[in-house]
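Peer 1: Quick check, what structure comes out for this input:
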Amino acid sequence: MSSPLTDSVPASPIRGARLLEIIRQPLLGPLAALVIAVIVFSFISDNFLSTANLSLLLQQSVVIGILAVGQTLIILTGGIDLSIGAVAILGTLVMAKIGAIHGPWVGLAAAAGVCILAGLLNGALVAVLGLPPFIVTLGTFTVFFAATQLYAGSQTYAAIDGLQTFLGDSFKIGTFTVTYGILAMFVVYLLVWYMLKQTATGQHIYAVGGNPGAAQLVGIKTKKTLLYVYGIAGLIAAVAAWAAMGRIPVADPNAFQQANLETITAVVIGGTSLFGGRGSVFGTLFGMLIVSVLRSGLTAAGVDALYQNIATGVLVIAAVALDTLARRRSS
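Peer 2: Purely as a prediction, here's the structure:
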């Protein structure tokens, strides 16, 4: 007959496995972390849950939040994009300069075209030539950043009021201020979520990221899928550029220099695997909000920005460690 002590011996690893499984759920883990962060900072700062602070938190997150959707798509395929922020900033310059000459609609269309072409360039180098995404986008980041500086001539350009700054306009829901940029961000998340979950293309993206060899064997055109993903990421960068013009109505070649890393941070904390094939755009949304809540709460608590960066870095390492551990257990 077994004793209560011996019966309880295997319970610990079982509980640990169950806890790991709960944490690594695509949405449950990031959502739980977000809720805990909000609760903690609501006790630290009396104004943290005020409508004014929450509205400002969302407004400040719009550009990175939109870019992070494109980054999610690329990471789901097993790639990474170090140039997506530079592409968006190039888009703002094109939008402002061409818009000033030919009108805001032409400027917006030109910015979208340039961003899509930049994304397709990345996709062609990765899919057609078979080059590593990290090296490709590191190289194109340098190219796009330099091109932006040359095109801007080390100057900033004001946005044209109206269409170019539309996503910065706002309205009230009670005492809560909502900008059209916030709505645009949620629309992008919903559209990409629908594509990933309800279309064959979305299933192909997951398959290419999970096992590209097996995806080819079942007839999925992996090169076409990669080109599509990088092109869509370019289009999303154009939307982010439009939102940036609404947020700060100036096209500045030096703006959002950390956007590339911030999008990766949001994606990783949101539970998307850096190895590809597993993740969710809503997880990315929660990841982006976790970082925003963390920075806002620590700022309200008077914590130096450098310590905030340390806390964010620890979160990223923890998320990657959990992902790696989960993959080892499932293999």
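Peer 1: Name the residues of stretch 186-198 that come out as buried.
Peer 2: For stretch 186-198, the neighbour count (16 or more other CB atoms under 10 Å) marks Val188, Tyr189, Val192, Trp193, Met195, Leu196 as buried. Just so you know, the C-beta spots here come from the backbone N, C-alpha and C atoms, and that holds for glycine as well.
Peer 1: Now name the helix or strand holding the last one.
Peer 2: Element membership for Leu196 (DSSP states H and E) is helix 180-198.
Peer 1: What is the helix or strand following that helix packed up against?
Peer 2: The first helix or strand that comes after helix 180-198 along the chain, using DSSP H and E, is helix 200-210. For helix 200-210, the packing partners by 3 or more CB pairs under 8 Å, 6 or more residues apart in numbering; DSSP states H and E come out as helix 51-76, helix 180-198, helix 212-217, helix 222-247.
Peer 1: could these go into CSV alongside distance to Val38 and mean pLDDT?
Peer 2: Below are the helices and strands packed on helix 200-210 laid out as CSV (distance: least, CB to CB, whole Å; pLDDT from 0 to 100):
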stretch, distance to Val38, mean pLDDT
helix 51-76, 9, 93
helix 180-198, 18, 95
helix 212-217, 39, 86
helix 222-247, 23, 95
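Peer 1: For these, give me CSV that also has distance to Ser83.
Peer 2: As requested, those are arranged in CSV below (distance: least, CB to CB, whole Å):
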stretch, distance to Ser83
helix 51-76, 10
helix 180-198, 19
helix 212-217, 22
helix 222-247, 9
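Peer 1: And the nearest residue to Ala259 once chain neighbours are set aside, how far from His102?
Peer 2: By the measure of CB to CB, 6 or more residues apart in numbering, the closest residue to Ala259 outside its immediate chain neighbours is Gly85, 2.8 Å from it. For Gly85, the distance to His102 equals 26 Å [CB to CB, to the nearest Å].
Peer 1: More neighbours: those two, which one.
Peer 2: Set side by side, Gly85 and His102 give different neighbour counts by other CB atoms under 10 Å, the larger being at Gly85 (27 against 12).
Peer 1: how would you label that one: helix, strand or coil?
Peer 2: Following DSSP: H, G, I helix; E, B strand; the rest coil, Gly85 is assigned to helix.
Peer 1: How much space separates it from Thr137?
Peer 2: Distance from Gly85 to Thr137, by CB to CB: 11 Å.
Peer 1: what comes into contact with stretch 179-188?
Peer 2: 58-59, 61-62, 65-66, 69, 166-170, 236, 239, 242-243, 246-247 (CB atoms under 8 Å, 6 or more residues apart in numbering).
Peer 1: And the furthest pair within the buried residues of stretch 186-198?
Peer 2: Of all pairs drawn from these, the greatest distance, 12.4 Å, lies between Val188 and Leu196 (CB to CB).
Peer 1: still on that earlier bit, figure out which of the helices and strands packed on helix 200-210 is closest to Gly297.
Peer 2: helix 51-76 (9.6 Å).
Peer 1: Run the angle between the helix holding Leu196 and helix 222-247 for me.
Peer 2: Inter-element angle recorded for helix 180-198 and helix 222-247: 160 degrees (by axes from the mean of the first three to the mean of the last three CA atoms, to 10 degrees).
Peer 1: Dump helix 180-198 to PDB, keeping only the CA atoms.
Peer 2: What follows is helix 180-198, C-alpha atoms only, in PDB (Å, rounded to 0.1, in the frame of the first residue of the first chain):
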ATOM      1  CA  TYR A 180      -9.000  57.300 -35.100                       C
ATOM      2  CA  GLY A 181      -5.500  55.900 -34.900                       C
ATOM      3  CA  ILE A 182      -6.600  53.700 -32.000                       C
ATOM      4  CA  LEU A 183      -9.500  52.500 -34.100                       C
ATOM      5  CA  ALA A 184      -7.300  51.800 -37.000                       C
ATOM      6  CA  MET A 185      -5.000  49.800 -34.900                       C
ATOM      7  CA  PHE A 186      -7.800  47.500 -33.700                       C
ATOM      8  CA  VAL A 187      -9.100  47.200 -37.200                       C
ATOM      9  CA  VAL A 188      -5.700  46.000 -38.400                       C
ATOM     10  CA  TYR A 189      -5.600  43.400 -35.600                       C
ATOM     11  CA  LEU A 190      -9.100  42.200 -36.400                       C
ATOM     12  CA  LEU A 191      -8.400  41.900 -40.100                       C
ATOM     13  CA  VAL A 192      -5.100  40.000 -39.700                       C
ATOM     14  CA  TRP A 193      -6.700  37.800 -37.000                       C
ATOM     15  CA  TYR A 194      -9.400  36.900 -39.400                       C
ATOM     16  CA  MET A 195      -6.900  36.100 -42.200                       C
ATOM     17  CA  LEU A 196      -4.800  33.900 -39.900                       C
ATOM     18  CA  LYS A 197      -7.700  32.000 -38.400                       C
ATOM     19  CA  GLN A 198     -10.400  31.900 -41.100                       C
END
